[in-house]
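>>> Got a predicted structure plus its sequence, pasted below:
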Amino acid sequence: MAEKGVRIRIVSESVGKGFKDANKSLSLLKKTLGGLGIIAVTKQVVDLGVAAAKAFAADEKAANRLAMSVKNLGLGFETPRIERYISELSAMSGVTDDELRPAMQKLLQTTGSVTKSQELLTQALDISRGSGVEYETVVNDLSMAYTGQTKGLSKYYLGLTKAELKTMSFTDIQEKLTNQFKGGNAAYLDTYAGKFELISTAAGEAQEKIGGALVESLMAAFAAGDPQEFVAKIEGLATKIADMVATAVFGFKKLYYLTSDQAILASLNPFDDYEKDVVKIIDIQEKMFMASFKTIKMGYLGSMPVGIYDSPADIAARKAAEAAAAKRAKELAKLTAKSTAEAKKKAALDKAAKTLNLEAIGIEAALKGKISETDRISLNLQKAILEGNGTLAEKLAKDLETAIKNNALLQAALLATPEAPNPFRNWKVPPLDYGGNKLGTPLPPSFTPPSYPTPSPNPQGPRYTPPDMSNVPSDSFLQYGPSGGLRAGVIAGVNPPAINIKVEVAGEAVAAVITQQQTNDSLSGSFNTVNRTNRFAAAGFIPA
Amino acid sequence: MPTEITGAIKARKVLKEFNPDLLKEIQKEMRDALKPIVAQAKGFVPASSPLRGWQKSDRFWSFDSAEMRRGITYSIAPSRANEQGFKSMAQLINRSPMGAIWEAARKPQEWVGPKTGSGKTRLSKNQSRSNNPDAGQQFIAGIGVGVQSSQGYGRGIRKAWAKDEGKANAAIIKSVEKLVRLAESKING
């Protein structure tokens, strides 16, 4: 039972039901046609179609990827031109369009310019052939170099150091590469391997159109010829066969309708023009198809562009895109130059920092220490050399030479000086004794150490005279003894005798101070309003 | 043409068996992709009949806005195989009869007139027997212009599908691919 309503089927999977039915019908058809010998012919045609369809599908996929990339770069109108260029380059160089398309995509994304990309694409061919490096790698290296990353270029042995490569502009690098690998592709195509590759590529391209089986037969027929001419012939033949295929398909359609039941019935009816109408309609359809197939339009059929003409708007847009790309290239060059200059400056600074900072500081520190005169001159000389002071350095060098000579002379003189005699060589040590016993000899048991008399006080020496205390009141030193210390029975801080102090102040002065204090206490209120309720009031009034 | 993915139905079964939570997660993603289209399509349904003669009545094909809106829905369960043997993993559906008419009407039927026959003598169901020879054309002109989408001409789900510009399609394909991948990883350990 059919499903109700209108449906949008989003993701489907074949479960084979329809195909089983189709297979039943097909086997029936095979039986019928097998007897007529049509199957063998049909199989060849189908195989051819399958091969061609596969090649076409793969080619279209790659072309669409490039077209999308170009469109995203805002250069959608350039797609036909790019396709045409790739097709021509492929035929000329023997590199397949499957390789050229991703390469073109990379370069376009990097440069943003179709012209520049085409130039680099061609140059990459020469470099690849000349150096033996793979085409894709060469394109990668060129893309990187365009943005200032020259690391990959060392493999081409350009005779440049890494530092030189870094400081060179892309134009200079390109020139260097051109000089080294110019004509690489042409030379390669002169070889048998090159010719073979050219033919293989051309055959591959043709296979995309009309299928491998047919191409093989064509190659067998024309293999002995010139490769370029052979490619041209294949192109022409492919187009003709494509036309023939279309004619044959529409012919089959006519046959199908003209052999139908309705047509047979109509043929019996002189008033029914069914057959004529069918032929007429199919002819119109064929004409429309051929017109649409060969019509001049923007775009491409598979990998081959058909009838491309630039409109003024396209030309203007191309100019604008090229200008933008050139501007970007200039900016990149400026950036490279700037970064190179900065790198140089930084390198110089680093070098200066390394030498000056370490060496100069070391010299200054050494000069401050205790060093010999020769060392001082030597350090000053190093300092002068670091500072680039030639005059001083020359002078100091002479001084140093003199000092070294003097040192050598001094050393020689010192070496020549005879050994000095001991000044005490004739001095006799007097025998010392301790109580009559010589030093270093054991004491006899009867030895008595000598005694020394204590000195008696000198009656003639100075004596202490106590001070005169006759004028001091008798109770002033009650707590002190005659020698100045606390008297007997007095303990410090426990029972010191009381000391009475009598202060005599005038009564009026004391009264005045008390009155003033009371007056101040009676004051109340805020800082700007002071009220006194009465002279000696205990509480004040604070206004709201 | 719907995108064809191989092994999706089997993968769904595997995931349902071994990791139903993950399947629910993926189904949620699919629902999230389809819901906005359904909501938009429902918004395209006219509030009242655009034609006087098509107003709400007892007849099953009469214009009922609420019923038409209810009929616009989606499905993420595998469908039955169609005549070509394809099962769909996700569908947008305009289910109601009047909704389907409103959705897809584009070419008027051939007018044969009221006297051409009826019942057993009727020549074809696809012929108009109205008194008015221009009835079909007038009906189509009256219900408004639709949009040509990748799934055909339509005014409801097909219009919403066209307006979505393939976003939902991409999301569903992604989800189904994820489903297949997860099931494969489950099978391969």
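Yep, it's here.
>>> so what secondary structure elements neighbour the helix ranked longest in chain A?
Using DSSP state H to define each element, chain A has its longest helix at helix A:312-352. Contacts defined by 3 or more Cβ pairs under 8 Å, 6 or more residues apart in numbering or on different chains; DSSP states H and E place helix A:312-352 against helix A:97-111, helix A:114-131, helix A:162-167, helix A:170-181. Placement of C-beta: from N, CA and C, glycine included.
>>> So what touches the shortest one?
Counting by Cβ atoms under 8 Å, 6 or more residues apart in numbering or on different chains, helix A:162-167 makes contact with A:150-151, A:153-154, A:158, A:173, A:340, A:343-344, all of which sit outside it.
>>> Which one of the residues you listed is nearest to chain B?
Of all those, chain B sits closest to residue A:151, with 37.5 Å by Cβ to the nearest Cβ.
>>> all helices for chain B, in order.
Under the criterion DSSP H, chain B contains helices at B:8-18, B:20-44, B:65-71, B:97-104, B:135-142, B:157-164, B:167-187.
>>> Between helix B:157-164 and the second one, find me the angle.
When you say that, I think you mean helix B:20-44. Angle, helix B:20-44 to helix B:157-164, by axes from the mean of the first three to the mean of the last three Cα atoms, to 10 degrees: 100 degrees.
>>> residues in contact with helix B:20-44?
B:12, B:15-16, B:69, B:72-74, B:76, B:90, B:92, B:94, B:155-157, B:159-161, B:163-164, B:167-168, B:171-172, B:175-176, B:178-179, B:182.
>>> And the residue in chain B positioned nearest to chain A, its phi and psi?
Nearest residue of chain B to chain A (Cβ to the nearest Cβ) works out as residue B:85 at 3.0 Å. Residue B:85 adopts backbone torsions of phi 80, psi 30, taken as degrees, to the nearest 10.
>>> circling back: filter the contacts of helix B:20-44 down to the ones near chain A?
Among the contacts of helix B:20-44, the ones lying near chain A by Cβ under 8 Å from any Cβ of the partner chain are B:90, B:92, B:94, B:156-157, B:161, B:168, B:172, B:176.
>>> Tell me where chain A has strands.
Under the criterion DSSP state E, strands of chain A are mapped to A:6-14, A:300-301, A:304-305, A:433-434, A:437-438.
>>> Tally up the residues packed near residue 177, please.
Went with chain A since none was named. Residues near residue A:177, counting by other Cβ atoms under 10 Å in any protein chain shown, number 24.
>>> if you could check chain B rather than the one you did, that'd help
15.
>>> Then residue A:108?
Per other Cβ under 10 Å, the neighbour tally for residue A:108 reads 25.
>>> contacting residues around it?
Residue A:108 is in contact with A:69-70, A:73, A:75, A:82, A:114, A:117, counting by Cβ under 8 Å, 6+ apart.
>>> got it, and residue A:142?
A:107, A:120, A:123-124, A:127.
>>> Residue A:273 now?
residue A:266.
>>> Look up phi and psi at it.
Dihedral angles (degrees, to the nearest 10) for residue A:273: phi -100, psi 30.
>>> if I look at it, how far off is residue B:7?
52 Å (Cβ to Cβ, to the nearest Å).
>>> Residue A:247 too?
Following Cβ to Cβ, the distance that separates residue A:247 from residue B:7 is 41 Å.
>>> Next up, the contacts around whichever residue of the stretch 201-350 of chain A sits closest to chain B.
Closest contact between the stretch 201-350 of chain A and chain B, by Cβ to the nearest Cβ, is at residue A:262 (16.5 Å). By Cβ under 8 Å, 6+ apart, the contact set of residue A:262 is residue A:274.
>>> Any idea how many residues pack against residue A:364?
11.
>>> tell me the contacts of it?
By Cβ under 8 Å, 6+ apart, the contact set of residue A:364 is residue A:383.
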